[in-house]
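J.: I need the structure of the sequence given here:
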Amino acid sequence: MHINWYPGHMKKTKELIQSNLKLVDVVIELLDARIPSSSRNPQIDSIVTDKPRIIALNKSDLANPAITNDWIRYFQNYGINAIPINSLTGYGLDKLLEEIEEAAKPKMDALKLRGIRKRPVRAMIVGIPNVGKSSLINRLTGKKSAKTGDKPGVTKGKQWVRLKGNIELLDTPGILWPKFEDEKVGLKLAFTGSIKDEVLDIETVCLKLIDYLCNQYSSFILERYKLDSILEEAIENMDAIAKKRGCIISGGKIDYPRVANMVIDEFRSGKIGKISLETPRELESSTNIYN
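T.: Numbers count the residues shown, from 1 in each chain. A predicted model of the protein is given here:
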């Protein structure tokens, strides 16, 4: 499955981030806790350069807690604090605010020495589409300051919003990179909804997801769909799930669009279980995401 998606507004977003970086003291890099490596834009390092940075691992309630802790330690080894959060419930947000102020402290202390005491801490949030930026901002401000939606790319322009305490946040639209060099990265983004379903073959995406889950989280699949066993081929397991859930059309044929959308929706909502799709250990034999 080939994915090559780089709308013009994403190019503009990259330019917007670069042009406004000088205005901020801290960068918050928002990642999906289920795919911290794949949900990270590799261009961010070159854009952000040496600005203080914090990782916010969103949707941590959907990820495997033990693997999330492994990722936190991984980031700490590179001198970056990572905070597991849930932008919908507010979990971890108080800790995130503390980390923002702590990261900005050297800059704020320097401003005080120059007699500037009332300026708020200015932060920028960056991340790929549909990772939860707008929901995070709305939760931090306690109101609908930013548009939200279940489709990638809802946020279209930049806006400053005031957070709790002495913090202002610059929101930016999600930004993907020009090309997915690794098909596995594209698939993980498709599994989690960071790529619009309309540009994908949803049945193929589901088949790949079922194949992964049957190999890595077989007990979850057996329990959720009441299967007797995991079969050898992904298509056989997909058919078995369809039959258990009644995804059948006339003539006893499998309703593949229906079962595909059902399984993907249940994975994304956490109904199948707390699932992480990648671990730091998997990166040990490849290039580190923070060099």
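
J.: Y256 and V205 touch, don't they?
T.: No. Counting by CB atoms under 8 Å, Y256 sits too far from V205 to count as a contact (11.6 Å). Bear in mind the C-beta positions are built from the backbone N, C-alpha and C, glycine included.

J.: and the gap between the residue nearest to T49 when sequence neighbours are not counted and Q43?
T.: Distances taken as CB to CB, 6 or more residues apart in numbering put L21 closest to T49, at 8.0 Å, once the chain neighbours are dropped. Separation of L21 from Q43 (CB to CB, to the nearest Å) stands at 13 Å.

J.: between these two, what contacts are shared?
T.: Shared contacts of L21 and Q43 (CB atoms under 8 Å, 6 or more residues apart in numbering): none.

J.: ok so, going back, tell me the contacts of the residue nearest to T49?
T.: Taking CB under 8 Å, 6+ apart as the test, what L21 contacts is V27, I47, V48, T49, K51, M124.

J.: how many residues are close by the residue nearest to C247 when sequence neighbours are not counted?
T.: Residue nearest to C247 in three dimensions, not counting chain neighbours: V259, with 4.0 Å by CB to CB, 6+ apart. V259: 23 surrounding residues under other CB atoms under 10 Å.

J.: secondary structure class for V259?
T.: For V259, the secondary structure call by DSSP: H, G, I helix; E, B strand; the rest coil comes out as helix.

J.: tell me how far the closest residue to L136 other than its chain neighbours lies from L62.
T.: Among residues not flanking L136 along the chain, S87 sits closest, at 3.8 Å (CB to CB, 6+ apart). Look at S87 and L62: by CB to CB, they are 12 Å apart.

J.: neighbour count winner among the two?
T.: S87 (25 against 22).

J.: what's around L93, how many residues?
T.: Neighbour count for L93, taken as other CB under 10 Å: 19.

J.: what's the distance between it and A63?
T.: L93 is 17 Å from A63, where distance means CB to CB.

J.: can you check P84 too?
T.: For P84 relative to A63 (CB to CB), the value is 8 Å.

J.: which residues do the two both contact?
T.: A33, L57.

J.: tell me the SS of the nearest residue to L88 once chain neighbours are set aside?
T.: Leaving out its chain neighbours, the residue that sits closest to L88 by CB to CB, 6+ apart is S135, at 5.9 Å. Here S135 is recorded as helix under three-state DSSP.

J.: S135 reaches N86, doesn't it?
T.: No. Here S135 does not reach N86: they are 9.4 Å apart, not a contact under CB under 8 Å.

J.: and A110, how many neighbours does it have?
T.: 10.

J.: elements contacting the helix or strand harbouring it?
T.: When elements are assigned from DSSP states H and E, A110 belongs to helix 93-113. Under the contact criterion of 3 or more CB pairs under 8 Å, 6 or more residues apart in numbering; DSSP states H and E, helix 93-113 touches strand 26-32, strand 53-58, strand 81-84, strand 121-126, helix 133-141, strand 167-171.

J.: C-alpha coordinates for the worst-scoring helix or strand of the chain on mean pLDDT, PDB please?
T.: Of all helical and strand segments in the chain, the minimum by mean pLDDT, DSSP states H and E falls on helix 8-20, at a mean of 73. Only the C-alpha atoms of helix 8-20 are listed here, as PDB (Å, rounded to 0.1, in the frame of the first residue of the first chain):
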ATOM      1  CA  GLY A   8      -0.300  22.300   0.400                       C
ATOM      2  CA  HIS A   9      -1.500  23.500   3.800                       C
ATOM      3  CA  MET A  10       1.100  21.200   5.400                       C
ATOM      4  CA  LYS A  11       3.900  23.000   3.600                       C
ATOM      5  CA  LYS A  12       2.400  26.300   4.800                       C
ATOM      6  CA  THR A  13       2.300  24.900   8.400                       C
ATOM      7  CA  LYS A  14       6.000  24.100   8.300                       C
ATOM      8  CA  GLU A  15       6.700  27.600   7.200                       C
ATOM      9  CA  LEU A  16       4.400  29.000   9.900                       C
ATOM     10  CA  ILE A  17       6.200  27.000  12.600                       C
ATOM     11  CA  GLN A  18       9.600  28.200  11.400                       C
ATOM     12  CA  SER A  19       8.500  31.800  11.200                       C
ATOM     13  CA  ASN A  20       7.000  31.800  14.700                       C
END
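
J.: many thanks, we can stop here.
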